[in-house]
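Participant: Quick check, what structure comes out for this input:
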Amino acid sequence: MPLPQSCAANWRGASHESLAKVLRKRASDLDEEIEAHLRMAERDRVAQGESPAQARAAVVREFGNVPLVKDVTRETWGWGGWSGLGRI
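Facilitator: Numbering: from 1, shown residues only. Predicted structure coming up:
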């Protein structure tokens, strides 16, 4: 027996919201992880005598293109193509 239209629409909406929520959480976790790595490297450089500004600039330069790193990470996780759904 098929679901009534309203039930099917509610289920799709709930599923989309749940998926979007999971994707936003994963994106947030990735942002936090990258920032934690940058902060650790920055602290190491400051401990070696660099100014905080010099350390941050060097760390960001060495780390590279953050959006690209995020894209590569999402692809590695296997959900790069799904990441756009979280922005809907």
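Participant: So which residues of this protein form helices?
Facilitator: Ranges of helices in the chain, per DSSP state H, are 5-47, 52-63, 66-77.
Participant: could I get the ones you listed as a markdown table with mean pLDDT?
Facilitator: As requested, the helices of the chain are exported to a markdown table (pLDDT from 0 to 100):
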| stretch | mean pLDDT |
| --- | --- |
| helix 5-47 | 82 |
| helix 52-63 | 96 |
| helix 66-77 | 89 |
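Participant: Would you mind putting those helices into a markdown table with mean neighbour count alongside?
Facilitator: To be clear about C-beta, it is placed using only N, CA and C from the backbone, and glycine gets the same treatment. Formatted as a markdown table, these follow (neighbours: other CB atoms under 10 Å):
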| stretch | mean neighbour count |
| --- | --- |
| helix 5-47 | 12 |
| helix 52-63 | 14 |
| helix 66-77 | 12 |
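Participant: now the residue nearest to the spatial centre of the chain: how far from residue 46?
Facilitator: The centroid of the chain falls nearest to residue 27 when counting by CA atoms, centre = their mean (2.5 Å). Taking CB to CB, to the nearest Å as the measure, residue 27 falls 29 Å from residue 46.
Participant: Then residue 29?
Facilitator: 26 Å.
Participant: Next: residue 31.
Facilitator: 22 Å.
Participant: same check, this time on residue 20
Facilitator: 38 Å.
Participant: Kindly report the same for residue 28.
Facilitator: To residue 46, residue 28 is 26 Å away according to CB to CB.
Participant: And for residue 21?
Facilitator: Look at residue 21 and residue 46: by CB to CB, they are 37 Å apart.
Participant: Then residue 53?
Facilitator: 10 Å.
Participant: One more: residue 52?
Facilitator: Counting by CB to CB, the gap from residue 52 to residue 46 is 6 Å.
Participant: Also residue 15?
Facilitator: Taken as CB to CB, the span from residue 15 to residue 46 is 46 Å.
Participant: Thanks a lot, catch you later.
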